[in-house]
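In: starting from these lines, generate the structure:
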Amino acid sequence: MRIAMISTPFIRMPPIGYGGTELFCYELAEELDTRGHAVTVFTTGDSITSCRKRALYHRPVWPPTAADEVNHVAWALAEIARGTFDVVHLNSPLGLPVSAFLRVPIVYTLHHHREESFSRIYASHPQVYYVAISQRQLDLEVPLGRARVIHHGLSPNRYPPSLHDDGYLAHIGRYCEEKGTHLALDLARLVDMPIHLGGRTHPQDRAFYEEHIAPRLDLPGVLDHGEVDHEQKVRILSGARALVCPLLWEEPFGLVAVEAMLCGTPVIGFARGSFPEIVDEGVTGFLVPPDDLDALARVACSPELAHFDRLQCAHRARDRFSTSVMATAYESVYRRAVALGHAARARVA
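Out: Down below sits the predicted model:
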């Protein structure tokens, strides 16, 4: 198939540090390319990919703005309209209104929690084939006629399993309230374990960071690595006893949890958002009721965690969350979109 994959103008592919949507686009595009599909990615000019690359912005534009996003997506769709593609894979809700003018089937992956302004756009474009990244995300969204769930996948060879831990906890991602960064630090102090952090704070979270996170970084046993690249992230995850995810929001997916599992590192956290469906209890991690930090502390100190079967964890993660599993599911969606598109045009003719 001739596939147009539209990433964002905000972060290169693959991301050097933060970038969930961009990492997803990279992993899927590369896997589709190895399967013989003709994939064109619309991304930033500094992106590195085996696929054909097109870019409006030579370097990422940050911080993200709606104006830059619309400019990027509209340009990409105009390029696609002048080309020959079988299907377009869109990853920005702001591109959906413009995509209605294309005669090419549109597959759209929902990457965010429910926002009413986006949900109104989804509802007004029933011709699009929607993919949710977790069942929980889809359950919370406006009803969508053409929708299925496909979990994210990653390349297992980029995450070699680690069969031992060095006795510390890890917390990686945005430093903010919804990710529970402050609670991860509180947990480490509660159970008297070191904790390694890797991430950064976005502008909208700066006030919370200054009041609730920054003071905790000075506590004994806290090592803040700042934003980490892939190698640093894998090194932190591989040595951790567990990745701590005390979520305070309905996380749509959580790629870092899969990264930890692939390394053989269990995920511990609150049973919220997508985590009850992506964490296999006792095999790839342990979840406790939302907001129960004492219960999470008992898990962190438990013999089950200290003697966790990391190899079994890594195997289960490979079975469920590899790029191969993800790409096969997306191929099915693409083929259905193309087939129904051909049928619809035949009826019009």
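In: what residues sit buried inside the longest helix anywhere in the chain?
Out: Assignment by DSSP state H gives helix 323-348 as the longest helix of the chain. For helix 323-348, the buried set under the neighbour-count rule, 16 or more other Cβ atoms under 10 Å, comprises 323, 325-327, 329-331, 333-334, 336-338, 341. (Each C-beta comes from the backbone N, C-alpha and C, glycine too.)
In: also stretch 72-90?
Out: 72-77, 79-80, 85-90.
In: and what of stretch 306-313?
Out: For stretch 306-313, the neighbour count (16+ other Cβ under 10 Å) marks 308, 310, 313 as buried.
In: where exactly do the strands run in the stretch 201-349 of the chain?
Out: Secondary structure of the stretch 201-349 of the chain (DSSP state E, counting those that start in this stretch): strands at 222-224, 240-245, 267-270, 285-288.
In: tell me the domain ranges of this structure?
Out: For the chain, automatic domain parsing gives the domain ranges 2-155+322-348, 157-320.
In: distance between the ends of the shortest one?
Out: Think domain 157-320. 15 Å (Cα to Cα, to the nearest Å).
In: equivalent analysis for stretch 272-284, please.
Out: 16 Å.
In: other residues contacting it?
Out: With contacts defined as Cβ atoms under 8 Å, 6 or more residues apart in numbering, stretch 272-284 is touched by 133-137, 151, 245, 247-254, 257-258, 261, 266-267, 269, 285-287, 290, 304, 309, 312-313, 316-317, 320-321.
In: how close does Ile133 sit to Ser99?
Out: Remark: distance between Ile133 and Ser99 (Cβ to Cβ, to the nearest Å) = 20 Å.
In: which of the buried residues of stretch 72-90 lies closest to His182?
Out: Nearest to His182 among the buried residues of stretch 72-90: His72, at 34.1 Å, using Cβ to Cβ.
In: give me the element that closest one is part of.
Out: helix 66-82 (DSSP states H and E).
In: contact partners of that helix?
Out: Outside helix 66-82, the residues that touch it by Cβ under 8 Å, 6+ apart are 4, 6, 8-10, 42, 54, 56-57, 61, 88, 90, 92, 94-95, 98-99, 101-102, 104.
In: circling back: dump the buried residues of stretch 72-90 to CSV, plus pLDDT.
Out: Listed next are the buried residues of stretch 72-90 as CSV, based on pLDDT from 0 to 100:
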residue, pLDDT
His72, 98
Val73, 97
Ala74, 96
Trp75, 97
Ala76, 97
Leu77, 97
Glu79, 96
Ile80, 97
Phe85, 97
Asp86, 97
Val87, 98
Val88, 98
His89, 98
Leu90, 98
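In: how long is stretch 281-295 end to end?
Out: Terminal-residue distance, stretch 281-295 (Cα to Cα): 15 Å.
In: quick check: buried residues in it?
Out: So for stretch 281-295, counting by 16+ other Cβ under 10 Å, buried means 283-288, 293.
In: now the two most distant members of those.
Out: Val283 and Leu293 (23.4 Å).
In: drop anything exposed from the contacts of stretch 272-284.
Out: Buried among the contacts of stretch 272-284 (16+ other Cβ under 10 Å): 133-134, 136-137, 151, 245, 247-248, 250-254, 257-258, 261, 266-267, 269, 285-287, 313, 316-317, 320-321.
In: now, these that are in helices?
Out: 136-137, 257-258, 261, 313, 316-317, 320.
In: which of the residues you listed lies closest to Pro15?
Out: Nearest to Pro15 out of these is Val258 (Cβ to Cβ; 14.9 Å).
In: how much space is there between that closest one and Pro276?
Out: Distance, Val258 to Pro276, using Cβ to Cβ: 15 Å.
In: with Arg120 instead?
Out: Taking Cβ to Cβ, one finds Arg120 at 28 Å from Pro276.
In: hang on, the earlier thing: ok, the buried residues of stretch 306-313 vs Ile195, which is closest?
Out: Phe308 (17.4 Å).
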